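Trainee: this is a predicted model, with the sequence first.
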Amino acid sequence: MKRKILIVGGVAGGATAAARLRRLDEDADIVLFERGEYISFANCGLPYYIGDAITDRTKLTLQTPESFRARFRVDVRAGHEVVRIDRPAKSVTVRRVKDGTLYEETYDALVLSPGAEPVLPPIEGVRENGVFVLRSIPDTDRIRAFAHKAGVRRAVVVGGGYIGIEMAENLHALGLSVSIVELMDHVVQPLDSDMAGELHAHLVDKGVGLYLKCGVTGIHRTDDGLEVRTSVGGPLLADLVVMAVGVRPEGSLAKEAGLAMGARGAIATDDHMLTSDPSIYAVGDAVEVTDSVLGRKVFVPLASPANRQGRIAADNLCGIPSVYRGTQGTAILKAFDMTVAVTGANERTLKEAGVEYGRSYTYSASHATYYPGAAFMTVKLLYRKSDGLLLGAQLTGFEGVDKRCDVLATAIRFGGSIQDLTDLELSYAPPFGSAKDPVNMAGYVATNVQNGTDRFFFWDDVAALDLTKVTLLDVRTREEFQNGSIPGAVNIPLDDLRSRLSEIDAGKPVYEFCQIGLRGHIAYRILAQSGFGDVYNLAGGYRFYRQAVRTFPLTPPVSIHGKEVPAVAALQAEAISNELSERSGELPPAMRVARRIAVDACGLQCPGPILKLSEAVKAAGIGDIVDLTANDPAFAWSAPTFMSSFKVSVQHRGSVAQRSA
């Protein structure tokens, strides 16, 4: 018997359901309603069209109503909005957007895919000209046209989520001065705050103003543009404002029809995507889903789950018993040159669920460091303490982050443990990876703790240490220690540790650390086997500790004597400026540059870059220029402090730490 199936909403969920239905049932009468003009478009690509990374607008429209109709023989009705569902009559009321007229349409089955809508906070001025949200292609066209207007120089993005960061990057690419205002203490909420520190530094180094723990209280039109008033500090001036504070499910149609509702006003469904009405399915950003890691009901609007849900609903409508196995929240973000990726649970959700978890941090190269171009990434694992079950992962870096996150997401999906990560046989050749892949290394470090061959303390434990009762030991080199250490630490370099054990009080617990944790593990093994019974190794090392606790001014780079100093060096800016002034008269202008010394520290693990810099600066004479390149983003933080002791100037170019001495 021929069935009539109505689909409300296109894009990922609705369009996928329609196409799959037609492939499975050539005879069904399928009608797709979309209140807008576009039924299938790449909404994740919209910010990149605004920023001219994508220049051909037609590439954003995956299917037009005409092409979809021709390919799948679906009755596509763009500009038609479903405004009411009559469940007993199995009919819907449809409004023609063009003229407002209404008509009825009956159904045998109904698929709801209304999506999610941007949240507009209840503050004055959100409807002002120049204030935008981004959801659709028409929104994109309006923002792009406005940003290209003469005189538009300043933008404020309200919200530091995925869309907020992408919009900041793309408006910056158009030459606008951009600021992000974020209510929470860090951007990208699926990240834990400790993993967001490196992203914060990268954003401000790119020239983005970053205002954390800061709310917007109103937007007002002035003679100088828009005044964005904030809860902390003075107002920000802007010509363009993008509201990117989040989205909420468009569940009103379902709620008014009496369907069961779930988390945050989303539509409740079972694992077949069936609602509380046996004739109505729901998919996409409007539905409640099950967290596949913790088993709780959540609202997670992502494109990939929406596509899967559309396919599953169509399968079940056609007698194929497909099951949606939950959402684990795998997501990735391009933030200028940096990549940020997450999958599974984070610390906040694990605490809320009462799960006793362990955590580990590793810092690994994207491929063999002896092959040119290797970049480093930070990997955080979260796992169940009782059995090592992998629960979540977070990664930040510049190359190779995407494939490592996908491997970890797959391991989580199939119930893998931290031990399983050590057993994975992953592809290796010097241009692509290492014999010990970053995923393997993350597994090794976590299992060391699990099997008792290492014991961690963490960055957020340091403040509570009583240095009268414990020994805080820095096992890095003397040069690294002099460049900065945790206050109260004593320095015994790792290579001297065995011969200097007598200097350490065996009656006190020892909290030791290196730069990234690797030398710290070796130190732990030496101490643990030399009569020191209470020893702890700092997870992630000093590098991660400093990333997690630093409180440098979050302002764009400043210019000193024509040189750009990154925000991570802002605390040294005044001192450096004074040093440059003092030295300006030391040599005649023609003699100030005697030679240029190039130092390549790319691909080196700690303490390689800082030792290379130390050697070069010590060998340099007055007026010499030392150009050092390194691809550890933390070097942009540590180098200014180190070089300040040698009375040198600072220059920062791009995402690679590069300094002139």
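Mentor: Cool, the structure landed.
Trainee: return the residues in contact with the nearest residue to S136 once chain neighbours are set aside.
Mentor: Spatial nearest neighbour of S136, excluding adjacent residues (Cβ to Cβ, 6 or more residues apart in numbering): G36 at 5.9 Å. (Glycine included, C-beta is placed from N, CA and C.) Listed by Cβ atoms under 8 Å, 6 or more residues apart in numbering, the contact partners of G36 are 78-79, 136-138.
Trainee: likewise L421?
Mentor: 381, 390, 408, 411, 439-440, 442-443, 446.
Trainee: check G329 too.
Mentor: 190, 291, 300, 302, 342-344.
Trainee: can you tell me the element it falls in?
Mentor: Taking DSSP states H and E as the definition, G329 sits outside all helices and strands.
Trainee: before we move on, the earlier item: which of the contacts of G36 count as buried?
Mentor: Neighbour counting by 16 or more other Cβ atoms under 10 Å classes 78, 136-137 among those as buried.
Trainee: export the helix or strand that contains K618 as PDB, just CAs?
Mentor: Using DSSP H and E, K618 falls within helix 608-619. Extracted C-alpha coordinates of helix 608-619, given in PDB (Å, rounded to 0.1, in the frame of the first residue of the first chain):
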ATOM      1  CA  GLY A 608      66.000  21.100  23.400                       C
ATOM      2  CA  PRO A 609      64.600  24.500  22.300                       C
ATOM      3  CA  ILE A 610      65.600  26.300  25.500                       C
ATOM      4  CA  LEU A 611      69.100  24.800  25.400                       C
ATOM      5  CA  LYS A 612      69.500  25.700  21.800                       C
ATOM      6  CA  LEU A 613      68.500  29.300  22.600                       C
ATOM      7  CA  SER A 614      70.800  29.400  25.600                       C
ATOM      8  CA  GLU A 615      73.800  28.300  23.500                       C
ATOM      9  CA  ALA A 616      73.000  30.800  20.700                       C
ATOM     10  CA  VAL A 617      72.500  33.800  23.000                       C
ATOM     11  CA  LYS A 618      75.700  33.100  24.900                       C
ATOM     12  CA  ALA A 619      77.600  32.900  21.700                       C
END
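Trainee: and the helix or strand just after that helix, what does it pack onto?
Mentor: With elements assigned by DSSP H and E, the helix or strand that comes after helix 608-619 is strand 625-630. Using 3 or more Cβ pairs under 8 Å, 6 or more residues apart in numbering; DSSP states H and E as the contact test, the elements touching strand 625-630 are strand 596-600, helix 608-619, strand 657-660.
Trainee: what does the first one contact?
Mentor: Read that as strand 596-600. 612-613, 616, 619-620, 624-629.
Trainee: quick check: buried residues in it?
Mentor: V599.
Trainee: partner strands of that strand and their direction?
Mentor: strand 625-630 (parallel) (DSSP bridges).
Trainee: any idea how far the strand it pairs with is from the chain center?
Mentor: 29 Å (Cα atoms, centre = their mean, to the nearest Å).
Trainee: let me see the mean pLDDT of it.
Mentor: Confidence over strand 625-630 (mean pLDDT, whole number) is 72.
Trainee: how about the strands in the stretch 51-200 of the chain?
Mentor: 61-63, 75-78, 80-86, 91-96, 102-106, 109-112, 116-118, 131-132, 154-158, 177-181 (DSSP state E, counting those that start in this stretch).
Trainee: okay, these in TSV with distance to M243 and mean pLDDT next?
Mentor: Shown next, in TSV, are the strands of the stretch 51-200 of the chain (distance: least, Cβ to Cβ, whole Å; pLDDT from 0 to 100):
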stretch	distance to M243	mean pLDDT
strand 61-63	25	80
strand 75-78	26	93
strand 80-86	23	97
strand 91-96	27	97
strand 102-106	32	97
strand 109-112	26	97
strand 116-118	7	92
strand 131-132	7	97
strand 154-158	5	97
strand 177-181	10	96
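Trainee: so which of those strands comes closest to G452?
Mentor: Closest approach to G452 among the strands of the stretch 51-200 of the chain is made by strand 177-181 (43.4 Å; Cβ to Cβ).
Trainee: residues contacting that closest one, please?
Mentor: Residues from elsewhere that reach strand 177-181 (Cβ under 8 Å, 6+ apart): 153-160, 164-165, 168, 171-172, 187, 203, 207-211, 214-216, 228, 230, 236, 238.
Trainee: buried subset of those, written for PyMOL?
Mentor: Only the buried entries of those go into this PyMOL selection, using 16+ other Cβ under 10 Å:
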select buried, resi 154+155+156+157+158+159+160+164+165+168+171+172+187+203+207+208+209+210+211+214+215+216+228+230+236+238
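Trainee: list the contacts for the residue nearest to the spatial centre of the chain?
Mentor: The chain has V340 as the residue nearest its centroid, 3.7 Å off, counting by Cα atoms, centre = their mean. Applying Cβ under 8 Å, 6+ apart, we find V340 in contact with 188, 191, 199, 332-333, 395-396, 401.
Trainee: how about 10 Å then?
Mentor: Neighbouring residues of V340 by Cβ atoms under 10 Å, 6 or more residues apart in numbering: 162, 165, 187-188, 190-191, 195-196, 198-199, 202, 331-334, 394-397, 401, 405.
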